[in-house]
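Trainee: Sequence unavailable; structure follows:
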Ligand code: BMA
């Protein structure tokens, strides 16, 4: 009998998935999902989005020595929305991404503030995941799914983010912006366009975790949102940006490389969602932390060298400066 040809999977789900659910939480809340991830003091640190029963989210730090088990969760919310000093946080703070900036020896957190005008991008800085300094809102609504690059380009910081146009049919694409001081941002350009029509990543895409430097350029994992008769499906694809000019898209996967499959990804508060906000690379092994169905945190692992081979076999990107406004 002829065997069925399956897609080779780049990411393998951890057998202990989901690794964290609300049942593990030390205080009452509805759900825990999309989390940032980094290393601090030789430990894995997750910054998890926790949604309370009002429907508002805050962020809580979780630590583990091996990044797989024995998670220690802060006993209380670590970063609560602060609408008195930051009115843009009135309806909560969501979906953080962490970038360690060697030059500053600190971590910059990009997160979504849910303002009365819609979601927008805010930044905060920390050295220890105990005290945090807010840098305030850096992009007006609607904008989300942001993360910094860890290095400067021609003296300026760079950030990927996802503004959404109010113009019907204009699509929601991944943009890049630059800043001399992390506060004032400009030179906005589309870095990766959403496809159109029937594609898995048609009309709406967004950055997933922070970009990581590989010898070939900047590796980007992004989500594509397919709208179907039954709702939306969040899946993941890879892209490669130029090492020196990260506004330039070099390659992009035509197919999605990871999508909802297991029950904890297919069923939850929002069905059919995989939503990573953090990954950690150690000795070429990747640990990807992702939200499953807006209800839990799960883990998948991959070999960075296999991802590099894969993206270098993807077709070169068409010039994304064409039709960019
Ligand atoms: C996006 C974000 C994510 C969420 C996803 C699916 O717009 O708000 O936080 O996981 O929708 O609901």
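Mentor: Looks like it came in fine. From a predicted model like this one, the values you see are computed outputs, not experimental measurements.
Trainee: Quick check: which ranges of the stretch 1-150 of the chain have low pLDDT?
Mentor: Counting by pLDDT under 70, the stretch 1-150 of the chain shows low-confidence ranges at 1-2.
Trainee: ok and the residue in it nearest the ligand?
Mentor: Closest residue of the stretch 1-150 of the chain to the ligand, Cβ to the nearest ligand atom: residue 95 (4.7 Å). Where you see a C-beta, it was placed from the backbone N, CA and C, and this is true even at glycine.
Trainee: Isn't that residue up against residue 145?
Mentor: Yes. The criterion here is Cβ atoms under 8 Å, and residue 95 meets it with residue 145 at 7.0 Å.
Trainee: Report the set of residues contacting both of those two.
Mentor: Between them, residue 95 and residue 145 share these contacting residues under Cβ atoms under 8 Å, 6 or more residues apart in numbering: residue 112.
Trainee: Can you mark which positions in whichever strand or helix holds residue 45 are buried?
Mentor: Assessed by DSSP states H and E, residue 45 sits inside strand 43-51. By 16 or more other Cβ atoms under 10 Å, the buried positions in strand 43-51 come out as 44, 45, 46, 47, 48, 49, 50, 51.
Trainee: The fifth one: what's its closest spatial neighbour, skipping adjacent residues?
Mentor: Nearest residue to residue 48, sequence neighbours excluded (Cβ to Cβ, 6 or more residues apart in numbering): residue 35, at 4.1 Å.
Trainee: Kindly report the same for the first one.
Mentor: Of all residues beyond its chain neighbours, the one nearest residue 44 is residue 67 (3.5 Å), with distances taken as Cβ to Cβ, 6+ apart.
Trainee: residues in contact with the one you found?
Mentor: Contacts of residue 67 (Cβ under 8 Å, 6+ apart): 44, 280, 287, 299.
Trainee: Would you mind naming what in the stretch 101-250 of the chain lies close to the ligand?
Mentor: residue 234 (Cβ under 6 Å from any ligand atom).
Trainee: Smallest gap between the stretch 101-250 of the chain and the ligand, at which residue?
Mentor: Nearest residue of the stretch 101-250 of the chain to the ligand: residue 234, at 5.9 Å (Cβ to the nearest ligand atom).
Trainee: Okay, helices next: where are they in the stretch 201-325 of the chain?
Mentor: Counting by DSSP state H, counting those that start in this stretch, the stretch 201-325 of the chain has helices at residues 263-266, 304-313.
Trainee: ok, and what's touching the first one?
Mentor: Looking back up the chat, that one is helix 263-266. If you take Cβ under 8 Å, 6+ apart as the criterion, helix 263-266 is touched by 17, 18, 259, 260, 272, 273, 274, 292, 293, 295, 296, 298.
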